[in-house]
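K.L.:
Below is the sequence, then the predicted model.
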Amino acid sequence: QTCALPILWKDFSVRKYIVSKILIEGSVDNVEVEFNRKNGTTITGLYSAKILQIKGETNLLAVVKDISEYKLAKKSILENEKKYKSIFELSPEVIVLLNMRGIITDANNKFTEILGYSREELIGKHFLRLPLHPETAKIAKEKYRTRLKKTEILSYDLKFYTKAGEIVIGSVRSTLLTSENKKDERILLMIADVTEKRIAEEKLKENEKKFSGLFQNSSQGIILHDLKGNILEANKKALKLLDYTKTELTKLTIFDLEPFEKLGPNSLLETIITKKNITAEIKFRKKNGEIFPAELSASLLEISGKKYIQSIFRDISKRKQTEEINLLLGNALKSINDAISITDKDEKLIFVNDVFLKMYGYSREEVIGKTIGFTRPSSEYDKNQDEIHRKTSQGGWSGELINARKDGTKFYIYLTTSVVRDKIGRASCRERV
């Protein structure tokens, strides 16, 4: 077959070009040509040809070097370079390439965007000559030296100054790009802008420190436990009230302290889970088995997607004792056979017992809040009044008086008065028997 066969050449015009060049110059070198294979595929070759005279005849010596694989490889390289360039420029992180001397050979747009410098201002500069904050300049130097030793290093933070003078915090990761040619080796730096994250973390630490102070120094006991009752944390007051060490308490469940019945459809714990928060009076068990009454405020919390219960409680033993004493005193005042009344500093009634009501013929609603003077007839009211007030203020008065019932009938009483004082000794009310 003649090599002029059109079916052999993918583009026959290329053959015409080659022939014309040979006729003019006598040869061609390394012309890229695509040939058709018999099976319908194509190959790419470098075509070289030269006119030779052999025994008086003109011949053409042609050599074709198959470069199909080279072309595919080159195409792949170009595509990869395009992808790399796209990733390089569109990366949300800063990407910097350094040579082994630490000189910046390339940087993506994100670097110039964050620092505010142009690429021309950055390329050719040593990495350690960048506007680093004094706090982290030493760290950058140490990490760079470690990287040169080809030692793997974890990510680290550096502080940079922007062109506008602001501080930017970057989390730096570095990779050594090796090559057969040592001159082509590079250090790849990827820097994530973590300024907002670090500021948020610092605020969180501050808040945690504040919370920890409030938590530990609270005047009320605080226990944190999960929904199964496992105790996770307790403050100093809780440990003191329950008489446990922290190690001992965190090995227990909240049920060991007996504030709740075990988890069930009608339990207090189930109520907290359903209603999110409750306030109740319950009883706690100390380490020595002693039971004490407590006022509980429990809330359902969600921390990092997990649910917990925070129980805040205080010992109300003294309050309960006071309430019991007051109840006993109240019952005693109600059951005594003498008429008893208590007035405030303005002589208005704040308490009367049942004997008083029966004696004077009034209902409780009719007398509470009224001035005590209504028990004395108007003709008798001014008699001994100043003396009664004066001596009552000094400690007490006693003597006979004429009083009047609701129906107007008069009767004699023997009255004893005294002053009731508060915790610091101030007169808070007056008692009459």
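P.N.:
It's in.

K.L.:
Would you mind measuring from residue 189 to residue 144?
P.N.:
Computed with Cβ to Cβ, to the nearest Å, the distance linking residue 189 and residue 144 is 10 Å. (Glycine included, C-beta is placed from N, CA and C.)

K.L.:
Same drill for these two, tell me which one is more crowded.
P.N.:
Neighbours were counted for residue 189 and for residue 144 using other Cβ atoms under 10 Å; residue 189 has more, 24 against 18.

K.L.:
Double-check that the more buried one belongs to a helix.
P.N.:
No: assessed with DSSP: H, G, I helix; E, B strand; the rest coil, residue 189 is strand; it does not lie in a helix.

K.L.:
mind listing what the nearest residue to it once chain neighbours are set aside touches?
P.N.:
Distances taken as Cβ to Cβ, 6 or more residues apart in numbering place residue 96 nearest to residue 189, at 4.3 Å, with adjacent residues excluded. By Cβ atoms under 8 Å, 6 or more residues apart in numbering, the contact list for residue 96 reads 104, 106, 107, 108, 111, 127, 188, 189, 191.

K.L.:
Now list the buried members of those residues.
P.N.:
Neighbour-count burial (16 or more other Cβ atoms under 10 Å) applied to the contacts of residue 96 gives 104, 107, 108, 111, 127, 189, 191.

K.L.:
Tabulate these in TSV, adding columns for distance to residue 327 and pLDDT.
P.N.:
Shown next, in TSV, are the buried ones among the contacts of residue 96 (distance: Cβ to Cβ, whole Å; pLDDT from 0 to 100):
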residue	distance to residue 327	pLDDT
104	84	90
107	81	87
108	80	86
111	78	86
127	80	86
189	77	87
191	72	88
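
K.L.:
Surely residue 218 is in contact with residue 234?
P.N.:
No: using Cβ atoms under 8 Å, residue 218 makes no contact with residue 234, being 11.1 Å away.

K.L.:
Which of the two has more residues huddled nearby?
P.N.:
Between residue 218 and residue 234, counting by other Cβ under 10 Å, residue 234 is the more crowded of the two (24 against 15).

K.L.:
okay, now residue 161: neighbour count?
P.N.:
With other Cβ under 10 Å as criterion, residue 161 counts 16.

K.L.:
does residue 279 have beta-bridge partners, and which?
P.N.:
In this entry, residue 279 is beta-bridged to residue 297, by DSSP bridges.

K.L.:
Only the buried residues of stretch 64-77, if you could.
P.N.:
residue 67.

K.L.:
Return the mean pLDDT over it, rounded to an integer.
P.N.:
The pLDDT scores in stretch 64-77 average 81.

K.L.:
send the alpha carbons of it over as CSV?
P.N.:
Coordinates of each C-alpha in stretch 64-77 appear next as CSV, following Å, rounded to 0.1, in the frame of the first residue of the first chain:
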residue,chain,number,x,y,z
VAL,A,64,7.0,7.5,13.4
LYS,A,65,7.4,7.5,17.2
ASP,A,66,4.2,6.5,19.0
ILE,A,67,3.5,9.2,21.6
SER,A,68,-0.1,8.2,22.4
GLU,A,69,0.6,7.4,26.0
TYR,A,70,2.7,10.6,26.4
LYS,A,71,-0.2,12.6,25.0
LEU,A,72,-2.7,11.0,27.4
ALA,A,73,-0.3,11.6,30.3
LYS,A,74,0.2,15.2,29.3
LYS,A,75,-3.6,15.6,29.0
SER,A,76,-4.0,14.1,32.5
ILE,A,77,-1.3,16.4,33.8
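
K.L.:
in the stretch 301-433 of the chain, which spans are strands?
P.N.:
306-315, 341-343, 349-352, 396-404, 410-421, 427-432 (DSSP state E, counting those that start in this stretch).

K.L.:
which of those sits most buried?
P.N.:
Of all these, strand 341-343 has the most neighbours on average by mean count of other Cβ atoms under 10 Å, namely a mean of 20.

K.L.:
from the chain's centre, how far out does it sit?
P.N.:
Distance, stretch centre to chain centre, for strand 341-343: 57 Å (Cα atoms, centre = their mean, to the nearest Å).

K.L.:
now do stretch 304-323
P.N.:
25 Å.

K.L.:
Tell me where this structure has helices.
P.N.:
In the chain, the helices defined using DSSP state H lie at 12-25, 68-90, 109-115, 119-122, 134-148, 195-217, 236-242, 246-249, 268-275, 317-335, 354-360, 364-367, 385-394.

K.L.:
can you tell which of these is closest to residue 172?
P.N.:
Nearest of the helices of the chain to residue 172, taken as Cβ to Cβ: helix 134-148 at 7.3 Å.
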